[in-house]
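Trainee: I would like the atomic coordinates for the input below:
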Amino acid sequence: METRENYNYSLQGCYFGITEFHVPMATTEGCLVASTNRGCRAIHLDGGANSCILADGMTQGPAVRLPTACQAAEVKVWLESPKGFKIMKEAFDSTSRFARLQKLSISLAGRNLYICFQSRTGDAMGMNMTSKGTEKALVIAISEGRGKSVVCEAVVPAKVVRDVLKTTTEDIIEVNINKNLVGSAMAGSIGGYNAHAANIVTAINIACGQDAAQNVGSSNCIALMERTGFTNEDLYISCTMPSIEIGTVGGGTNLLPQQAWVQGASQDNLGENARQLAKILCATVMAGELSLMAALAAGHLVKSHMIHNRSKINLQKLQGTCTKKAA
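Mentor: Okay, here's the model as predicted:
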C-alpha cells in the first residue's frame, strides 16, 4: 500500500519579537497540525513567544583504554592542561572548515578514559564532522547536553485560555502537573517531562530535511505552566529543550522540497540559521504542549481525534487499486 505524506504548516505561525515564521510539518497523525496551530494562535494573540539559545555545541566520541589506570590518569591530567587542549584543538579543527572545538570534559573509570568533545558546527547539525574530528584526535565523548539547548516562554491571557483553548488556567496547570511532571516521574522518565514533544520534533524534522531518528535526543523537553498576571489568572508556559540536534545544511536539507523551508548556511553569522530553526522548533513544541494540555483539561482529546481521524477517509479510492489484492 502506498503511503501519503501530508506536508502542512501552522498558518498562524510563531512570533519572535516582530518576526513571524511558518512552520512546516510532515505527519500522518490526524490532529497534530490542527492542535499545534491552535497552540500557535493562542500564543500569538498576546504577542508571540520569546526564545533564546542556552548552548550550541555538538558532542561525540569513541572509547580510549590505556594499559594501566595510572597511565589513564596521566593522560587525563595532560588533556586538562592548556597545552594538551591546544594540541587537541589544532588536530580537531584541522579536519573541517566549520567544526571548532570548544571544550573537553574528561572522566576516568579504571584504565578507561571518557572524553567529551564539544564543538561548534556552524549551520550543520554536525554529527559527521564531529565524528571525523574526534577520530583524528583519538578520544571519546560522553554527552553533557548535545546540539542546541533552547528555552522558550510565553504568556497566554485568561481570556485566550477560555475562548481559544476552551479551558481554564487552573485546570490546564493541574493537568500539566499530574501528567507531565508527576506522571513522567512515576514512569521513570529521563528528560521527558512533556506530553508529546516527539510528535512535533519528528514532523518538523521530516519536513525540514533532518534525520527523523534524531527525535530521540532532540525531544528531551520539560514543559512548565504556572499562574501569572495582575489577577493571577493568566497562564505562563515555558519549554526547555537541552539537546536539539538540527541543521540547515547537509543531509536531507539538500532535497528540493526541504530546501524550500531551510535557508542553508548563514552568510553573515555562521550557525545563526540553525540556531533560529532550533528556536522555532522549541516554540512549536510549546504550542503543541499548550494545545494538548488544554484538550485534556477540557475533555476534548478523544472527540477531536474521532473528528479528524484518518480512518474516515477512504484511502483506497484516493490511491486507486494499489491496496486491492491481486486476483
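Trainee: Only C-alpha atoms from now on, for both contacts and neighbour counts.
Mentor: Fine.
Trainee: Could you report the pLDDT at T169?
Mentor: At T169, the pLDDT value in this model is 95.
Trainee: Ok, C208 next?
Mentor: 87.
Trainee: list the contacts for it?
Mentor: By CA atoms under 8 Å, 6 or more residues apart in numbering, the contact set of C208 is 24, 252-253, 258-259, 261-262.
Trainee: now swap in N176 and tell me
Mentor: 223-225, 293.
Trainee: Is it correct that R97 falls within a strand?
Mentor: No - judged by DSSP: H, G, I helix; E, B strand; the rest coil, R97 forms no part of a strand; its state is coil.
Trainee: Let me have the contacts of C208 in a markdown table, adding neighbour count as columns.
Mentor: Output for these, formatted as a markdown table (neighbours: other CA atoms under 10 Å):
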| residue | neighbour count |
| --- | --- |
| P24 | 23 |
| G252 | 19 |
| T253 | 25 |
| Q258 | 19 |
| Q259 | 17 |
| W261 | 18 |
| V262 | 20 |
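Trainee: what's the most distant pair in those residues?
Mentor: Greatest spatial distance among these (CA to CA): P24 and G252, at 14.5 Å.
Trainee: For this structure, which element, helix or strand, carries the lowest mean pLDDT?
Mentor: Across the helices and strands of the chain, mean confidence by mean pLDDT, DSSP states H and E is lowest for strand 6-16: a mean of 41.
Trainee: Beyond it, next helix or strand please.
Mentor: Downstream of strand 6-16, the first helix or strand assigned by DSSP states H and E is strand 19-27.
Trainee: Pull out the C-alpha coordinates of that following strand and format them as PDB.
Mentor: What follows is strand 19-27, C-alpha atoms only, in PDB (Å, rounded to 0.1, in the frame of the first residue of the first chain):
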ATOM      1  CA  THR A  19       9.100  38.200  13.200                       C
ATOM      2  CA  GLU A  20       6.600  35.500  12.000                       C
ATOM      3  CA  PHE A  21       7.600  32.100  10.800                       C
ATOM      4  CA  HIS A  22       5.500  29.500   9.000                       C
ATOM      5  CA  VAL A  23       6.400  26.100  10.400                       C
ATOM      6  CA  PRO A  24       6.400  23.000   8.100                       C
ATOM      7  CA  MET A  25       5.200  19.700   9.500                       C
ATOM      8  CA  ALA A  26       5.100  16.300   7.800                       C
ATOM      9  CA  THR A  27       2.800  13.900   9.600                       C
END
